[in-house]
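> just to be clear, the model below is a prediction. Sequence and coordinates:
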Amino acid sequence: MGCVMKIRYSMSSAFFPYGIGWRSGLLLVVFFLAAGCQAGDLGAWFFGAKEPNRGVGVVGADGSGQMGPGTAHPAAASPERRLALVIGNGRYASGPLKNSTNDAVDVTARLQSLGFTVTHKENVNLRTMDESIRAFGRDLKKGGVGLFYYSGHGLQVGGVNYLVPVDARVEKEADVRFECLDTNRVMAEMEEARNGLNLIILDACRDNPFASWYRSGANGLAQMDAPTGTFIAFATAPGSVAADGTGRNGIFTKHFLENMNQPGLVIDKVMQNVRNGVMAETGNKQVPWQASSLTKDFFFVSSILPSSALAASPSAATAPAAPVASPPPPAPGPTGTVPDLTQTIKQREEEEKEWAGWQKKLEAEFAKAKAYEANTKLKPIEKQDVWDTFLRAFNQDNPYSTQDDDLRKRAKQRLGYWETQDPASLGLAYFFGSNGEQDYGKAMIWLRKAADQGDVLSMNMIGAMYRDGTGVSVDYQQAMVWFKNAANLGSAEGMYLVSDLYDSGRGVPKDYQTAVLWLRKSAEGGYPAAMTALGAHYGFGAGVPKDASQAFDWFLKAAEKGDVEAMGFVGICYRDGDGVALNSNQALYWLRKAADKGNGDAMFHLGFCYDLGKGVPRDRSQAVSWYRQAAAKGVESAQERLKELGY
């Protein structure tokens, strides 16, 4: 079975030279990874291992990217529809940016002067960003050039880039995925529109506003592959940080504005000029970057220049000499117009009205939370959740009022009070140090109190502490006791943890059949990691008869529930035709989906597909790109393959 994983007992590394780990561990509450951005012997996968034409034209005869004398750009005859979505986020509670909204306003004005219909947004929340991008995608389906510009905070987690809304409440890296906007969301909308040519400009590599907890070690944004017909510009190179600037605009946007209205320059030449300007201003500390798969040229401003000379006709030599005409007067120099800020003024008036409504809703929800708090039928944990939900919903700063600050302060006080009344929350706070004090001894005390009250999460936490030797000596038998206590109370996670000890033989004799029994209970309880593990057992015939189709079925169930590791396995099964009919499109879909969520093993297998031409044309550059991303995540198979290829 080509897509089978190594089971946790020893298998020949020669027979399975390249693999991906299948047992990725527990929920965040059990395995909290300090590196965050992104058990046992069950191991690794078998290595079988259209458009109208305004601004779209031809390059000049000299190949310079500038139109030569006598070259007429098609835009002169048929103006093309141009659409842009411009977002500037600067009013962050943590790490505010003084230039981002200025950048967005100035880029909007410039684009309007260049014939773009612009949707302009400032200091918006996640919902507004998402809705704006959806609407932008719908408009692009009508045709034309699309441009997305973003200025604000951005960061990468697990190799995926995120744009940060002003309302993002991110306390740990696991929150990023739910509180910030995945840049793949933008690319997907633009690619789905099939409008032919799209530009994405990201001035989003400022200092990380969440540096206090960010542990990935990866600065700035990660490298992005541009879909066909797309040009992506970054304020600085992948993994680097851009400056916000000391003037009105950020350094990148300042030079972008200076160059985008130069006539006759293709977008590549515009970015080359921007790059040179930024490097000169920053002493080479900031180097703008780009990724392109454009199939035609794009000009912000096209050019029609007269021919420098006319060829003489054959009869010209015998014709009477024509009088010498006086040279024509010089053409007028470039002119400018005052930016049309009518839309900006209107938007800010609407914004003030929206904030008034927001403030009214905040006050109503605060009163509702107080009423719930006074209700004696609610438990402390439920009251804690009420205040936590309130703070998450209203974490923005109202620029037209100070009352919201006072209500948030009071809400935080009430949340802190109810956290002390709930032993499970207090135990977790001491375990992770989220209350400013990490103390495993105190964590154990409070978790035991919560476990005595029947809290299964606390039981699993205690079991994990004994299993891993966190704050106590390693004791697998005690770990088994606590995991079984939780499992017997219906915890699907507890059942999974029991199976893990039987699978690895820790504290009990290794017993795959018993492990499968617990895995089946957990999987039937809806626990995705158990479904993935059960698929691995069927794939290798450990504790159950070997059955490729059963393996695939369980992997697919887990993948559909969001298990990233299972997504990769489904992709490999489709690629190799193991347990399911071979389907290259489905293989690439699932592998890309897992890779987009930061799975290094899926990145390796995508590289493998391009390396050997499995389901896609062979493409060494694409293969190397995916191998490098996988290697950066510590996938040894990718590191070895890069060495074999001479990288």
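Sure, I can see it.

> quick check: Ala548 touching Gly579?
Yes. The criterion here is CB atoms under 8 Å, and Ala548 meets it with Gly579 at 3.5 Å. Placement of C-beta: from N, CA and C, glycine included.

> so between these two, which is more surrounded?
With neighbours defined as other CB atoms under 10 Å, Ala548 and Gly579 compare such that Gly579 has more, 25 against 21.

> now do the contacts for that one.
Met1, Cys3, Gly539, Asp547, Ala548, Ser549, Gln550, Ala551, Phe552, Asp553, Cys573 (CB atoms under 8 Å, 6 or more residues apart in numbering).

> now which of these would you call buried?
Taking 16 or more other CB atoms under 10 Å as the criterion, what is buried in those is Met1, Cys3, Gly539, Asp547, Ala548, Gln550, Ala551, Phe552, Asp553, Cys573.

> may I ask which two of those residues are separated the most?
Among those, the pair separated by the greatest distance (CB to CB) is Met1 and Asp553, at 13.9 Å.

> how about low-confidence regions in the stretch 401-550 of the chain?
Scanning the stretch 401-550 of the chain for pLDDT under 70 picks out the ranges 435.

> that older thread, okay, and which of the contacts of Gly579 map to helices?
The helices, defined by DSSP state H, take in Gly539, Ala548, Ser549, Gln550, Ala551, Phe552, Asp553, Cys573 from the contacts of Gly579.

> give the contact list for the last one.
Contact analysis of Cys573 by CB under 8 Å, 6+ apart lists Cys3, Ala548, Ala551, Phe552, Phe555, Gly579, Val580.

> and the gap between the fifth one and Ala548?
Going back to what we said before, that points to Phe555. Distance of Phe555 to Ala548, given as CB to CB, to the nearest Å: 11 Å.

> from the contacts of Cys573, pick the one nearest Val118.
Each of the contacts of Cys573 was checked against Val118 using CB to CB; the closest is Phe555, at 45.1 Å.

> could you pull up phi and psi at that closest one?
Main-chain torsions, Phe555, degrees, to the nearest 10: phi -60, psi -40.

> try Trp358
The phi/psi pair for Trp358 (degrees, to the nearest 10) reads phi -60, psi -40.

> any idea how far Arg82 is from Ala542?
59 Å.

> and what of Glu179?
For Glu179, the distance to Arg82 - CB to CB - is 32 Å.

> and the residue nearest to Leu489 when sequence neighbours are not counted, what does it touch?
What sits nearest to Leu489 in space, not counting adjacent residues and going by CB to CB, 6 or more residues apart in numbering, is Val456, at 5.2 Å. For Val456, the contacting residues are Asn485, Ala486, Leu489, Gly490, Ser491, Glu493, Gly494, by CB under 8 Å, 6+ apart.

> what about Val456, distance to Leu534?
Distance from Val456 to Leu534, by CB to CB: 21 Å.

> follow-up on the earlier one: need the contacts of Val456 in JSON lines (columns: secondary structure).
As requested, the contacts of Val456 are exported to JSON lines (DSSP: H, G, I helix; E, B strand; the rest coil):
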{"residue": "Asn485", "secondary structure": "helix"}
{"residue": "Ala486", "secondary structure": "helix"}
{"residue": "Leu489", "secondary structure": "coil"}
{"residue": "Gly490", "secondary structure": "coil"}
{"residue": "Ser491", "secondary structure": "coil"}
{"residue": "Glu493", "secondary structure": "helix"}
{"residue": "Gly494", "secondary structure": "helix"}
